[in-house]
Each structure stands twice: as C-alpha cells, then as structure tokens.
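Colleague: One predicted model, sequence on top.
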Amino acid sequence: MRLDALVAWASKRLAGAGSPTPRLDAEVLLCHVLGVERTWLYTWGDRPATSYARARFEALVAARAAGHPVAYLTGVREFWGLALATSRHTLIPRPDTETLVEVLLELASEPSGRLLDLGTGTGAIALAFASERPGWEALGVDRVPEAVALAESNAGRLGIANARFLHSDWFTALAEERFALVAANPPYIDAKDPHLAQGDVRFEPSSALVAAEAGLADLRHLAERGMAHLSAGGWLVLEHGHDQAAAVRRLLEAYGYVAIASRRDLGGQERVTFGRQP
C-alpha cells in the first residue's frame, strides 16, 4: 500500500473513532514510524510502505483509535518550538500554556533574574522561558521523580544550560529561596468535571489534573505560599481553568498581591492570572 493511501485509511478510522484531528494524527504517527518530517510525506506519499512500517503504523493507529494520546504514542510533543520528550508520568504540554510563557517573558524586563516553575512536568515552561532569556536562571521543581528526570533529559538534549530541575513538592525543598518570577500550571480541574472522562486527559496522571475545592485548592496554596518566595516586586503567574479567572484574582487580592490581571489564551478564554508582590 502507498503511504498516502495508508494516511487516508488511518484518517478515516480515526475520524470514526472520534479523533478531533484525524488526518493530523495519522500523518504524525506515520512520520514517527518512518522517522521523517511531514513535508517529506507530502513529497513522497506515492512510495510503498514496507510491511514492517505498515505493521507498526497500524498498531499505533489502533492505540490512537482507543484514545491514547499521540504525544504518548510518539514520545514527543512540540511546545514553544521545542521538541519535548513526554511520558505517562507528566501532563502533555498544550498550546494554551504558551500564553503563560508569553506573560513571563513580558514580565522579565531585567537582563537577568531567577524563575521558579512549580510542577514542571516535562520542563516545558522552564525550558521555553530559559531558551528565550539566556541571562536568567530557570529552576523547575516537581514532586514526581520521573518528571524531574524527564525535564533534565529534555534540557540536556536541547542544550538549554540555564535551566535546572529539582525534586520538590511545591515549595518544600526551597527553604527561603526567592525568585523574580514564580510560575505554575497546577492541577485545577474539579474531580466532578465530566471532561475528565474524555480525550487525552483519560490517560494523563490525575494528580496533575484534579484539585479539591472545585479545582481551586492548589491555586490557593500557591497564592498563599508564593509571596514568601518572591523577590521584592516579583510576580506570581498562574494558569487556571477557563472559568476560574475571577476566583483566582480574588485569591491573589486576598493574599496581598497588587497589579492583578488576567490574560486570554488562543481560544479567547481567560487562562492566566498574575499579580505582583508589593
């Protein structure tokens, strides 16, 4: 079977299985099997697939049709132009989180400083920021040792030397360290949210998704504890759910932050809220 015919077959199967991006999924999976870029596939789609490549591809398509995330099947997800290795121990980096990175870069007005990325996962936020601000030090922490190892591996493979990673449950291993910027994409989904039974999140670690208090517990903890780890005039920057911006603004106000504002994501939803230490 020709490669383009394989893509057409897989696209039809994945569409029937409910994938929101069936052709993209098929192309990414086939490129992963072949070890090529998508532009190569467009140019050489008339080439026949080997029996080995077809078998591997069909197995991946079956897994995707069963709902497994493409990023877990390929082991890679692009974020901020960086090819990040992924694993089932971490959340899959998403485009909406690039809004948080944009806010951090705008707030990093000095040529040097320190950023803390809490719950770093793959290291996406810390590595994206560090790649754009070589004069800054980025520290990512995570309570999951496998996540810390993955983030360190991503930093080494990408050659980003100004980012390092540490095992810590939020602030517990940081003593009295202070930072100009503290950022987090914490768990913020209510345990009763029906979306937890849909899409990629079914396969992602629930500990990185779900929080008590209708999703606000970890956001509250970070707002309360964050002030003690900010340098004078430093900023706390939090990603949250599309309907939580007002609640997070109230939290920041209650804990003494000033200049509080929210930023909308690519879909027009208020996704990131930030405030400054007086």
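Modeller: Okay, I see it. Just so it is clear, the structure is predicted and the values come from calculations on it, not from any experiment. Numbers count the residues shown, from 1 in each chain.
Colleague: ok, and for stretch 247-261, which residues are buried?
Modeller: Ala247, Val248, Arg249, Leu251, Leu252, Tyr255, Tyr257, Ile260 (16 or more other Cβ atoms under 10 Å). For every residue, glycine as well, the C-beta is placed using N, CA and C.
Colleague: Please apply the same query to stretch 111-121.
Modeller: Buried residues in stretch 111-121 (16+ other Cβ under 10 Å): Gly113, Arg114, Leu115, Leu116, Asp117, Leu118, Gly119, Thr120, Gly121.
Colleague: before we move on, the earlier item: mark which of the buried residues of stretch 247-261 are part of helices, please.
Modeller: When the buried residues of stretch 247-261 are checked against helices (DSSP state H), the matches are Ala247, Val248, Arg249, Leu251, Leu252.
Colleague: Please name the residues that touch the spatially closest residue to the third one that is not a sequence neighbour.
Modeller: Using Cβ to Cβ, 6 or more residues apart in numbering and skipping residues adjacent in sequence, the residue nearest Arg249 is Ile260, 5.3 Å away. With contact taken as Cβ atoms under 8 Å, 6 or more residues apart in numbering, Ile260 is in contact with Arg249, Leu252, Glu253, Thr273, Phe274, Gly275.
Colleague: which one of the ones in helices among the buried residues of stretch 247-261 sits closest to Pro186?
Modeller: Val248 (10.7 Å; Cβ to Cβ).
Colleague: Apart from its chain neighbours, what residue comes closest to the closest one?
Modeller: Thr273 (4.3 Å).
Colleague: That neighbour: how many residues sit nearby?
Modeller: 27 (other Cβ atoms under 10 Å).
Colleague: buried ones in the helix or strand that contains it?
Modeller: Element membership for Thr273 (DSSP states H and E) is strand 270-276. The neighbour-count check on strand 270-276 (16+ other Cβ under 10 Å) flags Glu270, Arg271, Val272, Thr273, Phe274, Gly275, Arg276 as buried.
Colleague: Which single one of those residues is nearest to Tyr42?
Modeller: Closest to Tyr42, out of all of those and judged by Cβ to Cβ, is Arg271, at 32.9 Å.
Colleague: To what extent is the nearest residue to the closest one once chain neighbours are set aside buried, counted in neighbours?
Modeller: Leaving aside its sequence neighbours, Arg271 sits nearest to Asp265 (Cβ to Cβ, 6+ apart; 3.7 Å). By other Cβ under 10 Å, 19 other residues sit near Asp265.
Colleague: where's Asp265 relative to Asp4, distance?
Modeller: When Cβ to Cβ, to the nearest Å is the yardstick, Asp265 and Asp4 sit 34 Å from each other.
Colleague: Next one, pLDDT for Gln198 please.
Modeller: Listed pLDDT for Gln198 reads 86.
Colleague: One more: the one 3 residues further on?
Modeller: According to the model's per-residue confidence, Val201 sits at a pLDDT of 91.
Colleague: what inclination does the longest strand out of those in the chain have with respect to strand 270-276?
Modeller: Ordering each strand of the chain by length in residues (DSSP state E) puts strand 230-239 first. Interaxial angle, strand 230-239 versus strand 270-276 (axes from the mean of the first three to the mean of the last three Cα atoms, to 10 degrees): 170 degrees.
Colleague: Can you name every helix or strand that strand 230-239 contacts?
Modeller: helix 98-107, strand 179-184, helix 217-226, strand 270-276 (3 or more Cβ pairs under 8 Å, 6 or more residues apart in numbering; DSSP states H and E).
Colleague: Let me know the distance separating Gln277 from Arg114.
Modeller: Applying Cβ to Cβ to Gln277 and Arg114 gives a distance of 14 Å.
Colleague: Then Met227?
Modeller: 16 Å.
Colleague: Let me know how buried the residue lying closest to Arg23 once chain neighbours are set aside is, in neighbour terms.
Modeller: Spatially, and ignoring its direct neighbours in sequence, Arg23 is nearest to Ser11 (4.3 Å; Cβ to Cβ, 6+ apart). Neighbourhood size, Ser11 [other Cβ under 10 Å]: 19.
Colleague: tell me the pLDDT at the residue lying closest to Ala261 once chain neighbours are set aside?
Modeller: Excluding the flanking residues, the one nearest Ala261 by Cβ to Cβ, 6+ apart is Phe274, at 6.3 Å. Looking at Phe274, its pLDDT stands at 98.
Colleague: list the contacts for Phe274?
Modeller: Val103, Leu107, Trp235, Leu236, Val237, Leu238, Leu252, Ile260, Ala261, Ser262, Arg263.
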